[in-house]
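J.: can you look at this prediction? I've put the sequence above it.
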Amino acid sequence: MLSPPARPENPAPAPAVGTDGLGADARALVASEAKFGAISMLLPDPSGISRVSDGRYIDVNAAFCAMFGMGREAVIGRTSTELGIWATPHERERLLAALATEGRAERLALTVRARGQEVLGLMSARPLQVDGEACMVFVFHDVTQERRVHDDLVAAHALLTQAGHMAGLGAWESDAAGTVRQWSESCNAVHGLPPGSQPPAAYIEQCVAPAHRAALRAAARACLRDGRPWTLDLQIVRGDTGALRWMRAHGEAVREGGRTLHMRGVMQDIDAAHHAEEALRESQQRFRLVFEMLPYPMGMTRCDTGGYIDVNPAWEAMTGISRAQAFGRTVVELGLYTDEERRRALAHASTDGAVTPVECVLTPRHGGALTVQQSTRKITLGETECWLFALHDITDRKRAEDDVRKREAVLSLTLEAASVGRWDCHIPSGLVTGDARWHQMRGVEQRVDEAVPFDQVAGAKDGPRIYAELRRHARQPDSSFDLVTTVPGAYENQRWMRNLGKIVDWAPDGKPLRILGVTIDVTGQREQEMLLQHLAHYDALTNLPNRVLMAQRLTDAMAQAHASEQLLGVAYLDLDGFKPVNDRFGHDAGDRLLRAVAERLTAALRPQDCVARLGGDEFAILLPDLAASEDAQSALERLMCSIAAPYTLEGEPVAVTASIGYTLYPRDDADADTLLRHADQAMYAAKQAGRNRFQEFDAAQERAQRDTHAQVVQVREALAAGQFELYLQPKVDMRLGTIVGVEALARWNHPERGVLSPAAFLHLIEGTDLDTQFGTWVVQSGLALVERLAQSGTALPVSINISAPHLQQPDFARCIGEQLAAHPRSPAHLLDIEITETAALLQIDTVAQTLRALRGLGLTISLDDFGTGYSSLTYLRRLPLNTLKIDQSFVSGMMDEAGDLAIVQGVIGLARSFGYRVIAEGVETEDQGQMLLQMGCAQAQGYFIARPMPLAKYLEWAADWQAPEAWKH
């Protein structure tokens, strides 16, 4: 039905009827219309011809009729408006406008109404002439399904993109060489890269953690080479923070004709999941550890079959059944529970978090039945619902409860048979009545119906306490009225009654009206408590305060002395001669003597004083409110005189005296225990001074001892801090003018007091454990000096002083050997050990053996201060010596004292006789050196030659020193 050609103005006469009779043009038109009809009927989309002027349809195809639900006859000759084709009038106007402006309509989006619904489509139309009228041929393509599919695809893509972002899942693609060329935005998010970023060219080196690079390269190569897909969990380095995150990557090869074109895959951020898995594994491990270590029997069974899944060792121990034996079997099959017990346990099982224990009877493999409490809760392991249970053996508790019930029954009978007085009090009037037993307990004869005031039924001081307890009970009615009161009676003229009551009636205004109660005689219990209290604080033999009560009273007296600014005397007394009396007359007589001493002490003291027996024949005395120490001495003199008076034991006179030590607080500003200890120390001083006297504690001496201890601590810390140094005092040959050695002398480089000589610290070291420590430091430092002198080109013997305690250590020689081995650059023959004559004579056999061992190591030995002791020539010959040193006291006195001169000459002679080298100490003048040379002693040391000095100054001094000319002739 294409547009026919225009008809001529003067048409020829019509041919005869039939196509054979038609003209050529007519036949062409008929053929064209037939083709159009055939084509339009085959089109799947609605199509047709309509007039442009009014939209009247000239022809439509079957698809048009099907879409709008109308027959062809109902459409032909009617307009689109009449048929309600357009969704709005504007739709046709837009179509006509397109034809008018563009001469055609090409896939114009229009909306029609078909079968009551709006349908969106694309309209294509061309103008044509039909019978001289302007018409158009149109085709309408319904895009509703396509749009729906498109929208679904867009929505699916958006949903997939959103899911990818939420799941951290991104897609990627590489080239044939494995280089990532493109990826989705999710990949940028996973790697911490800005949106729109392209994949890094060196992806593995830049983005993958070093530990995972090799695995990724190997997987990619295998995929590209063999088409083998791969999946890896690996760590990447985020581009924004540099932090490591876990990622799961998957890749597959895209192949064609047996070769790989490229590789594509997905990647997903699994960092949170990875850490969650690790946390889950750790949690499972912790659960397993706790499950197995808990002392309570526990296990898990399947909800559907009841078969055991797991049990812990405590369950195995309780039941006598191993885990392997229990697995898969039920508690009934194992004979632990009956069916009834199992049903009862599960009836209380928890499915909502609340756990209710239930008692069951469990029969283990060995032993009798057990009563257990089972707590059960439903849990889910994977997809399996299970019962988690815990057992608690309460067999012993149940037995104990049975015993308690039995005892409670017996107690109830006992209470019924006990004598308990009952009373009834009218609270507003304060009057109370009681039964006969209650009156009898009060010790009065009174009618049962006769009322008495409540505050008069007890002791004189109990009235206020009764009303105070009554008020408390009214405020707290849930707790009973409970008060112990007194009535005249036996012990200390008193009896004790415990009153228990309960308010039973209240007034409308809330005030109590009536209270009922019972009274129990607790005199025996109270007397026992008082007796125990007395025994705990008083000595059973003398009835004096004991050590416990004395400590309390001493603390109180110290506080009082501090407040009153007066002195408190604290004395410690010990009897002289008590043991012989005890041994002679026996312990009973000794106890009588101690009681007599206690009575005399108490009588001789003031009322505010206190005497306590500490044990044996020792007593402590407190003398408060003293104005001066003379007051304490006067009191102690009275005590000694009182004790020294004769006693009579077994008809014989006996005499004992006392030694007393005391201290005065707060002059002695110590704590309570220390005050007693100071008094005890002073008492021992009195004993040592001859007994039968008193001695005051010397607080100043105590402080001096503390100061000495503090100084020892300072020396110890200084040694550890490296504050000590060895100074060098040269030894010279006076005749030759040469330096023959040095003596290393310790100096303390005190941070506040400067350089200190040995006189400031050696006395603190002697006799302490520091003696050996300090000596070890001297040996180590001496060997270091030997090495440093050798390195400076002036190798000389270095003498070090060793104390007697250090020398007498059993392993002294071995330790010296170890030190020599630790200083291989310090020749042993250049280390000289100096010992004093006193040190040599103490344990001479042991010392001689040690010295021989030192000589065997290559060391030399010098005997210092020779002549000041009492050594004999026999002892001298037993010692393996190299040098004798003349003490400086003889050198300084030899110029004026003939005796000192003779000693010096004798020592020089002895040294020559024994083949020892001799050296004089303390040379302070040129004349002393000259005299020593004349007597044959060429070697010396002393202040005239040089004072001790540090190594650096010594090296400077040694370079310039020259002996006096008088010494060289």
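T.: Yes, it's here. Residues are numbered from 1 along each chain as shown.

J.: quick one: low-confidence parts of the stretch 301-450 of the chain?
T.: 350-354, 408-419 (pLDDT under 70).

J.: hey, where'd the strands end up in it?
T.: In the stretch 301-450 of the chain, the strands defined using DSSP state E, counting those that start in this stretch lie at 308-311, 358-362, 370-381, 384-393, 421-426, 431-434.

J.: would you format those strands as TSV with distance to Gln780 included?
T.: All C-beta atoms are positioned from the backbone trio N, CA, C, and that covers glycine. Below are these laid out as TSV (distance: least, Cβ to Cβ, whole Å):
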stretch	distance to Gln780
strand 308-311	65
strand 358-362	73
strand 370-381	69
strand 384-393	66
strand 421-426	89
strand 431-434	92
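
J.: closest to Leu531 out of those?
T.: For Leu531, the closest of these is strand 421-426, at 25.2 Å, according to Cβ to Cβ.

J.: quick one on the thing from earlier: okay, the strands of the stretch 301-450 of the chain in CSV with mean neighbour count and distance to His806 next?
T.: Below are those laid out as CSV (neighbours: other Cβ atoms under 10 Å; distance: least, Cβ to Cβ, whole Å):
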stretch, mean neighbour count, distance to His806
strand 308-311, 20, 68
strand 358-362, 17, 73
strand 370-381, 17, 71
strand 384-393, 18, 66
strand 421-426, 19, 85
strand 431-434, 20, 88
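
J.: quick one: closest of those to Val137.
T.: strand 370-381 (70.1 Å).

J.: got any ranges where this structure has weak pLDDT?
T.: Residue ranges of the chain with pLDDT under 70: 1-42, 149-168, 350-354, 408-419, 488-493, 838-842, 867-875.

J.: report the central residue of it.
T.: Central residue of the chain (Cα atoms, centre = their mean): Arg286, 19.5 Å from the mean position.

J.: please identify the helix or strand for that residue.
T.: Assigned by DSSP states H and E, Arg286 belongs to helix 271-293.

J.: could I get the phi/psi values of Asp769?
T.: The phi/psi pair for Asp769 (degrees, to the nearest 10) reads phi -70, psi -10.

J.: so which other helices or strands are in contact with the strand or helix carrying Asp574?
T.: Using DSSP H and E, Asp574 sits within strand 567-576. Packed against strand 567-576 by the contact rule (3 or more Cβ pairs under 8 Å, 6 or more residues apart in numbering; DSSP states H and E) you find helix 547-564, strand 618-626, helix 629-644, strand 657-665, helix 672-688.

J.: quick one: strands adjacent to that strand?
T.: Applying DSSP bridges to the sheet, strand 567-576 is found paired with strand 618-626 (antiparallel), strand 657-665 (antiparallel).

J.: figure out which of those strands is closest to Ala218.
T.: Among the strands paired with strand 567-576, strand 657-665 comes nearest to Ala218, with 87.6 Å by Cβ to Cβ.

J.: can I get the CA coordinates of that closest one in PDB?
T.: Extracted C-alpha coordinates of strand 657-665, given in PDB (Å, rounded to 0.1, in the frame of the first residue of the first chain):
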ATOM      1  CA  THR A 657      67.800  -9.400 142.300                       C
ATOM      2  CA  ALA A 658      66.800  -7.700 139.000                       C
ATOM      3  CA  SER A 659      68.600  -6.300 136.000                       C
ATOM      4  CA  ILE A 660      66.600  -3.600 134.300                       C
ATOM      5  CA  GLY A 661      67.000  -1.900 131.000                       C
ATOM      6  CA  TYR A 662      64.900   1.100 130.100                       C
ATOM      7  CA  THR A 663      64.400   3.800 127.500                       C
ATOM      8  CA  LEU A 664      62.500   7.100 127.500                       C
ATOM      9  CA  TYR A 665      60.000   8.000 124.800                       C
END
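
J.: so what's Lys731 up against?
T.: Neighbour list for Lys731: Ile739, Val740, Gly741, Val742, Glu743, Ser799, Ile919, Gln939, Ala940, Gln941 [criterion: Cβ atoms under 8 Å, 6 or more residues apart in numbering].

J.: ramachandran coordinates for Asp896?
T.: Dihedral pair for Asp896: phi -120, psi -30, per degrees, to the nearest 10.

J.: just to revisit the earlier point, among the contacts of Lys731, name the buried ones.
T.: For those, a burial check counting by 16 or more other Cβ atoms under 10 Å picks out Ile739, Val740, Gly741, Val742, Glu743, Ser799, Ile919, Gln939, Ala940, Gln941.

J.: which SS class is the third one?
T.: The assignment at Gly741 comes out as strand when based on DSSP: H, G, I helix; E, B strand; the rest coil.

J.: what residues does it make contact with?
T.: By Cβ under 8 Å, 6+ apart, Gly741 lies in contact with Pro730, Lys731, Leu796, Pro797, Val798, Ser799, Asp832.

J.: check the fourth one too.
T.: In this structure, Val742 makes contact with Leu728, Gln729, Pro730, Lys731, Leu785, Leu789, Leu796, Pro797, Val798, Ser799, Tyr954, judged by Cβ under 8 Å, 6+ apart.

J.: quick check: bridge partners of the residue nearest to it when sequence neighbours are not counted?
T.: Closest residue to Val742 apart from its sequence neighbours, by Cβ to Cβ, 6 or more residues apart in numbering: Leu728 at 4.3 Å. Beta-bridge partners for Leu728, by DSSP bridges, are Ala744, Met949.

J.: next one: the closest residue to Gly55 other than its chain neighbours relative to Leu43, how far apart?
T.: Closest residue in space to Gly55, ignoring its immediate chain neighbours: Ser80 at 4.0 Å, by Cβ to Cβ, 6+ apart. Per Cβ to Cβ, to the nearest Å, Ser80 is found 19 Å from Leu43.

J.: comparing those two, which residue is more hemmed in?
T.: Taking neighbours as other Cβ atoms under 10 Å, Ser80 and Leu43 compare with Ser80 leading, 18 against 15.

J.: tell me how far the more buried one lies from Phe140.
T.: Noted for Ser80: a distance of 11 Å to Phe140, by Cβ to Cβ.

J.: next: His562.
T.: Distance from His562 to Phe140, by Cβ to Cβ: 116 Å.

J.: these two: who's more crowded?
T.: Each of His562 and Phe140 has its neighbours counted (other Cβ under 10 Å); Phe140 has more, 23 against 13.

J.: pretty sure the more buried one is in a strand, no?
T.: Yes. Assessed by three-state DSSP, Phe140 belongs to a strand.

J.: which parts of the stretch 301-450 of the chain are helices?
T.: For the stretch 301-450 of the chain, the helices defined by DSSP state H, counting those that start in this stretch occupy 313-319, 323-326, 339-347, 395-417, 436-442.

J.: rebuild those helices as a markdown table, extending it with distance to Glu282.
T.: Converted to a markdown table, those look like this (distance: least, Cβ to Cβ, whole Å):
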| stretch | distance to Glu282 |
| --- | --- |
| helix 313-319 | 22 |
| helix 323-326 | 23 |
| helix 339-347 | 32 |
| helix 395-417 | 37 |
| helix 436-442 | 71 |
